[in-house]
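**Q** What follows is a predicted protein model with its sequence.
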Amino acid sequence: MSTETKCNPDLVRERAKCTFDVNELINLFYGSEKATKERRHFEDAVLAVKELKDAIPEEYLSHKERYENGVRKATILRDVYRDYKAKHNRDPPPNQITKAVIKDISPFLLHNGMFVPTIAGQGTPEQQAEWLPKAESMQIIGTYAQTELGHGSFIRGLETIATYDPKTEEFVLNNPTLTSFKWWPGGLGSTVNHCVVVAQLYINGKSHGIHPFIAQIRDLDTHKPLPGVKVGEIGPKMGFQTANNGFLGFDNFRIPRKNMLMKNAQVLKDGTFVKGINEKLTYGTMVMVRVGIVGDCSFYAALAATIAVRYSAVRHQSHIKASEPEAQILDYLTQQHKLFIAVASSHVYRNAYLWMEKMYTNVMKELSQDKQDNLPELHATACCLKAVCSRDAGSLVEECRLACGGHGYMASSNLPLTYGVTIAAVTYEGERTVLLLQTARYLMKAWMAALKGKVLSPSVSYLLNSLKESKKPWQNTPEGIVKGFQHVSFGKVKAAYETIQKYMKQGKDYEDAWNLASVQLVKASEAHSRAILCEVSWEAVCSSSASPNLSRVLQQLAQLYLTYWTLETSGDLLLYSNITKDDLIILRDKYEELLVAIRPNAVGLVDGFDLRDEILNSTLGSYDGRVYERLMEEALKSPLNQETVNSSFHKYLKPMMEKAKL
Ligand SMILES: CC/C=C\C/C=C\C/C=C\C/C=C\C/C=C\C/C=C\CC/C=C/C(=O)SCCNC(=O)CCNC(=O)[C@H](O)C(C)(C)COP(=O)(O)OP(=O)(O)OC[C@H]1O[C@@H](n2cnc3c(N)ncnc32)[C@H](O)[C@@H]1OP(=O)(O)O
Ligand SMILES: Cc1cc2nc3c(=O)[nH]c(=O)nc-3n(C[C@H](O)[C@H](O)[C@H](O)COP(=O)(O)OP(=O)(O)OC[C@H]3O[C@@H](n4cnc5c(N)ncnc54)[C@H](O)[C@@H]3O)c2cc1C
């Protein structure tokens, strides 16, 4: 980080006000002092590579140049990772330095994020031995090709076909229709030479559902598409410009039998199909990534909050009191209301991610012992938390952008690009509504089990308690608020269930009744997610090992999250819990007190995310707060400022002006 000496004096004053040790917060957030040290050390190593620095901002490059620059930097970054591993005999620590290097999304994201994990999770030991070393060392580059032009959400409806030919012991891949073309996979456009293709398996004319296959699609030397492969890039998007999303179609393209990833289901040489213990295990990589996305949401909220809070400490506009100098905009309570929820939410998502990671690891261990009981709970929880956190994080990033006024609209603030990347997660890896409806299926089953007095899984056991406790008075404490959110979820689950029953009594079948109740079902899932987020984050701060000074501030943040959402969803609480109008007025006052209490620590709190300037990549958010200097420095990099008079003057403007004189 930069030294305090060149810092904007407002930021120096803010840091002097902080009531806790920022380094303690950093170490707590990232796990330990050792983890912080190792992460920073790795980030230093990456940033020391001169070739990774961009000569001009990415925004001035063409679509093609941006991609090529992205690939160039991704390959250099890959060398740094390899060298680190060779030197330390372990992978680099978790870090966000790719953001400082690629700025947008790496064309290798899908290779590392889904291709390699799918081979590891869906391949037999032999298949792992064949492909993992090549993939991990980047001798081959891959992606995860599932979504098609016609189907993304409903993957049982995918149209790519893999027909087994027992004579040659091969699968024949075909995309018989335009809608069957793969569409979206990252890196597919021009980067990868392999992919995991998810296709419908046919043996002797019989369908056996969707399965993952490994296909080499480009020549390893020439990179030309192999015969029978039609592949290309899908063009510019709202964000993800360097992710290199592509399309792909096969025409009688043959792959050997061993290329079907067969850890779960198998096709024997003679064409016998051996079913796996649970066909949903084929969806395993998606579950893992959904968990990871909750962690990503914490990062994007932290990034946007750091930029907007630092900027708001430096920016002065108008007066709170006419007799005093222009106020720091951070002193306006409305500004605190916009920003502190982003700081608080980043901590909430982080704790939820760590909680989900534990659940994921436990279930994976159980699955390796053929125990599947907890898979439905993992799937249901990953679905709703991914859906709610990604949408909330997108809204928080946008609110931070708006909170920076006009300068937030500048690309150089990095908030527009961050919004584009964050909001994409609402759709990818399972569209929000679709995933919330998956959780709703689980909630309906849990509710029916609760009605029968059965024991429920931990994440839904509150449904049983709420059933018993519905008469207890509201308590205006964090624990009371957590219970309140559980009551809301309970009430919405019950109402959705009863709505389905009502439609069925009217003669509708279950599917139609489900569709008619689905707005309520989605809302029940959202309420369930909120109850989990509140409970998990409050428990995390209560059990944290932080010093009293830090603990106080972390509790304030967690209470802010609870109170913010109580006030945002007060209608639901009035409907489904025993909260009263008076309780809400007390909580409204409490919320204002929390904003005021957090205010002196605002800059310390975002410093505690430890996101260095290169990762923030923002004129508004740098550690030293030299906002106006940076805005001007960046503006001067515009190609339009490299010449005093642009040729369009002579070509168009002058002739127009002269014509106007006639
Ligand atoms: C130790 C490690 C711990 C954690 C991990 C940590 C880090 C992770 C590392 C990296 C990740 C981090 C960041 C991300 C990195 C890279 C990725 C970044 C960008 C990715 C770019 C985007 C990629 C993509 O988008 S890939 C394509 C994604 N596509 C989808 O998500 C499609 C969504 N659709 C579906 O999933 C399904 O179609 C469906 C909606 C679930 C419906 O399926 P289906 O019709 O078959 O099922 P039914 O509705 O009939 O339900 C039947 C039954 O099955 C249950 N079910 C469904 N899915 C699952 C599942 N996955 N697991 C278990 N069970 C499942 C369903 O609930 C039903 O049950 P019931 O009958 O009992 O109700
Ligand atoms: C940036 C980005 C990167 C991606 N990367 C990859 C990748 O690497 N690999 C890959 O395979 N895919 C990738 N995808 C594709 C992504 O997984 C799909 O777009 C996503 O799963 C949503 O599917 P869809 O596009 O078919 O949406 P649709 O399902 O068509 O959704 C459209 C609308 O229909 C609604 N809807 C659909 N079904 C239902 C239902 N059953 N009930 C109620 N409403 C419904 C949705 O809620 C939504 O409002 C990527 C997408 C994006 C945006």
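**A** Done, it's in. Just so you know, these numbers come straight off a predicted model, no measurement behind them. Ligands and ions are numbered 1, 2, ... in the order given.

**Q** Nearest to ligand 1: which residue in the stretch 101-250 of the chain?
**A** Ranked by CB to the nearest ligand atom, the top residue of the stretch 101-250 of the chain for proximity to ligand 1 is residue 113, at 2.6 Å. The C-beta positions use only the backbone N, C-alpha and C, and glycine is treated the same way.

**Q** How is the residue nearest to that residue when sequence neighbours are not counted assigned, secondary-structure-wise?
**A** Take residue 113 and drop its neighbours on the chain: the residue closest to it by CB to CB, 6 or more residues apart in numbering is residue 289, 6.4 Å away. In three-state terms, and counting by DSSP: H, G, I helix; E, B strand; the rest coil, residue 289 is helix.

**Q** give me the number of residues near residue 289?
**A** Look at residue 289: counted by other CB atoms under 10 Å, it has 21 neighbours.

**Q** Go ahead and confirm it touches residue 429.
**A** Yes - at 5.1 Å, residue 289 counts as touching residue 429 under the criterion of CB atoms under 8 Å.

**Q** just to revisit the earlier point, quick one, what contacts the residue nearest to residue 113?
**A** 113-114, 117, 429 (CB atoms under 8 Å, 6 or more residues apart in numbering).

**Q** What separation do you get for it and ligand 2?
**A** 10 Å (CB to the nearest ligand atom, to the nearest Å).

**Q** can you check residue 437 too?
**A** Distance from residue 437 to ligand 2, by CB to the nearest ligand atom: 6 Å.

**Q** how about the nearest residue to residue 248, chain neighbours excluded?
**A** Leaving aside its chain neighbours, residue 248 sits nearest to residue 182 (4.0 Å; criterion: CB to CB, 6+ apart).

**Q** Show me what the one you found bridges to in the sheet.
**A** Under the criterion DSSP bridges, residue 182 forms beta bridges with residue 148, residue 248.

**Q** Domain map for the protein?
**A** What automatic domain parsing lists as the domains of the chain is 109-276, 467-607.

**Q** near ligand 1, anything from the shortest one?
**A** No - interface with ligand 1: domain 467-607 contributes nothing (CB under 6 Å from any ligand atom), its closest point being 11.0 Å away.

**Q** and that domain, what's its mean pLDDT?
**A** In this model, domain 467-607 has a mean pLDDT of 97.

**Q** In this structure, where's the longest helix?
**A** helix 333-368 (DSSP state H).

**Q** Show me what that one packs onto, helices and strands only.
**A** helix 284-314, helix 375-403, helix 518-542, helix 548-568, helix 581-598, helix 602-607 (3 or more CB pairs under 8 Å, 6 or more residues apart in numbering; DSSP states H and E).

**Q** before we move on, back to that, could you report the neighbour count for the residue of the stretch 101-250 of the chain closest to ligand 1?
**A** 19.

**Q** can you tell me the helix or strand for the residue lying closest to residue 462 once chain neighbours are set aside?
**A** Leaving aside its sequence neighbours, residue 462 sits nearest to residue 486 (CB to CB, 6+ apart; 4.1 Å). Residue 486 is located in helix 478-505, with elements delineated by DSSP states H and E.

**Q** the inter-axis angle of that helix versus helix 518-542?
**A** If you take axes from the mean of the first three to the mean of the last three CA atoms, to 10 degrees, helix 478-505 sits at 160 degrees to helix 518-542.

**Q** And helix 478-505, what's buried?
**A** Of the residues in helix 478-505, 478, 480-497, 499-500, 503-504 count as buried by neighbour count, 16 or more other CB atoms under 10 Å.

**Q** Neighbours of residue 473, how many?
**A** Count around residue 473 with other CB under 10 Å applied: 9.

**Q** How about the residues of the stretch 251-400 of the chain by ligand 1?
**A** 280, 283, 286-289, 291-293, 296, 357, 360-361, 375-376, 379.

**Q** Out of the residues you listed, the closest to residue 193 would be?
**A** residue 289 (22.0 Å; CB to CB).

**Q** Quick check on the closest residue in space to residue 218 that isn't next to it in sequence: phi, psi?
**A** Residue nearest to residue 218 in three dimensions, not counting chain neighbours: residue 193, with 4.1 Å by CB to CB, 6+ apart. The phi/psi pair for residue 193 (degrees, to the nearest 10) reads phi -120, psi -10.

**Q** and the residue in the stretch 251-400 of the chain that ligand 2 sits nearest to, what does it touch?
**A** Residue nearest to ligand 2 within the stretch 251-400 of the chain: residue 286 (8.6 Å; CB to the nearest ligand atom). Applying CB under 8 Å, 6+ apart to residue 286 gives the contacts 429-430.

**Q** run the last query once more with 6 Å
**A** Under the criterion of CB atoms under 6 Å, 6 or more residues apart in numbering, the contact list for residue 286 reads residue 429.

**Q** gap between it and residue 451?
**A** 31 Å (CB to CB, to the nearest Å).

**Q** And residue 76, by the same measure?
**A** Applying CB to CB to residue 76 and residue 451 gives a distance of 59 Å.

**Q** what's the answer for residue 604, then?
**A** To residue 451, residue 604 is 49 Å away according to CB to CB.

**Q** higher neighbour count, the two?
**A** Legend: neighbour count by other CB under 10 Å for residue 604 and residue 451, higher for residue 604 (21 against 13).

**Q** nearest residue to that one other than its sequence neighbours?
**A** Nearest one to residue 604, counting by CB to CB, 6+ apart, is residue 18 at 3.2 Å.

**Q** Tell me the secondary structure at residue 615.
**A** Quick answer, by three-state DSSP: residue 615 is helix.

**Q** Tell me the residues on the stretch 101-250 of the chain that lie near ligand 2, please.
**A** 110, 144-147, 151-153, 184-186, 240, 245.

**Q** got the buried residues for the lowest-mean-pLDDT helix or strand in the chain?
**A** In the chain, the helix or strand scored least confidently by mean pLDDT, DSSP states H and E is helix 462-469, which has a mean of 86. Using 16+ other CB under 10 Å as the test for burial, helix 462-469 gives 462-464, 466.
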